[in-house]
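Engineer: Mind folding the following:
(2 chains)
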Amino acid sequence: GQQVMQIPQYQHVQEGEDFTTYCNSSTTLSNIQWYKQRPGGHPVFLIQLVKSGEVKKQKRLTFQFGEAKKNSSLHITATQTTDVGTYFCAAHRNDYKLSFGAGTTVTVRA
Amino acid sequence: KAGVTQTPRYLIKTRGQQVTLSCSPISGHRSVSWYQQTPGQGLQFLFEYFSETQRNKGNFPGRFSGRQFSNSRSEMNVSTLELGDSALYLCASSFGTGDSNQPQHFGDGTRLSIL
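Structural biologist: Numbering: from 1, shown residues only, chains lettered A, B, ... in the order given. Alright, predicted model coming up:
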């Protein structure tokens, strides 16, 4: 089974609005990575979070790692059509095996 | 620097056949991981190779196998194909040494369809 649970599975957003996708684990994670896969494309690495409570920003994207290192979130402000795609969180255990969440598929209404 | 290259991009096979997929990692990357992506199961880890050795393995049957060559290129083989093996097979590479917290660089994948 998957190590990380991701919600929601689908997110329909009005252009210009904000939304958040969440990633949760029952166990403490050593790190969390986020990837984006555009329709018809392959996953592309966005960011990695390692420290408890860490917050990182990439333009309109804000990534957060929970204090207990069991959850993470991705918040996108002022959604644009270029944000369309599936966002995955992924976590390593103490090896090089990466477990992906089920992903949040984002569609944007213009 | 060239990205991860997977061949072929598309493949159509029939049940019972076998198939071999190829992956060339980014130059300097020694770790190659394989994933199966389907609409129902998402991204599932198959196995990871480093320095020609399988270092990690997912929960797939023995029909799925792989290998890595001395130049870090990797192949994945699926024998006795089943309809349920229809999927996008993604290869990803990373340096693979030191800290395991390394981003994965994915190829465009091989779309395998079983008739």
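Engineer: Quick check: B:Gln68 vs A:Ile76, distance?
Structural biologist: Distance, B:Gln68 to A:Ile76, using C-beta to C-beta, to the nearest Å: 37 Å. From N, CA and C alone the C-beta is placed, and that goes for glycine too.
Engineer: Skipping its backbone neighbours, what lies nearest B:Gly84 in space?
Structural biologist: Excluding its sequence neighbours, the residue lying closest to B:Gly84 (C-beta to C-beta, 6 or more residues apart in numbering or on different chains) is B:Ile114, at 7.9 Å.
Engineer: neighbours of that neighbour, just the number please.
Structural biologist: 19 (other C-beta atoms under 10 Å in any protein chain shown).
Engineer: who touches it in this structure?
Structural biologist: Counting by C-beta atoms under 8 Å, 6 or more residues apart in numbering or on different chains, B:Ile114 touches B:Ile12, B:Lys13, B:Thr14, B:Arg15, B:Leu81, B:Glu82, B:Leu83, B:Gly84, B:Asp85, B:Ser86.
Engineer: Next, the first one: secondary structure please.
Structural biologist: Local secondary structure at B:Ile12 is given as strand here, using DSSP: H, G, I helix; E, B strand; the rest coil.
Engineer: Skipping adjacent residues, who's closest to it in space?
Structural biologist: Using C-beta to C-beta, 6+ apart, the nearest residue to B:Ile12 is B:Ser113, at 4.9 Å.
Engineer: so the one you found touches B:Leu11, yeah?
Structural biologist: Yes. The criterion here is C-beta atoms under 8 Å, and B:Ser113 meets it with B:Leu11 at 7.1 Å.
Engineer: Ramachandran angles for B:Leu83?
Structural biologist: phi -60, psi -40 (degrees, to the nearest 10).
Engineer: Enumerate the beta-bridge partners assigned to residue 76.
Structural biologist: Because you didn't say which chain, this covers chain A. Assessed by DSSP bridges, A:Ile76 has beta-bridge partners A:Phe19, A:Leu61.
Engineer: try again with chain B
Structural biologist: Going by DSSP bridges, B:Met76 is paired in beta bridges with B:Leu21, B:Gly66.
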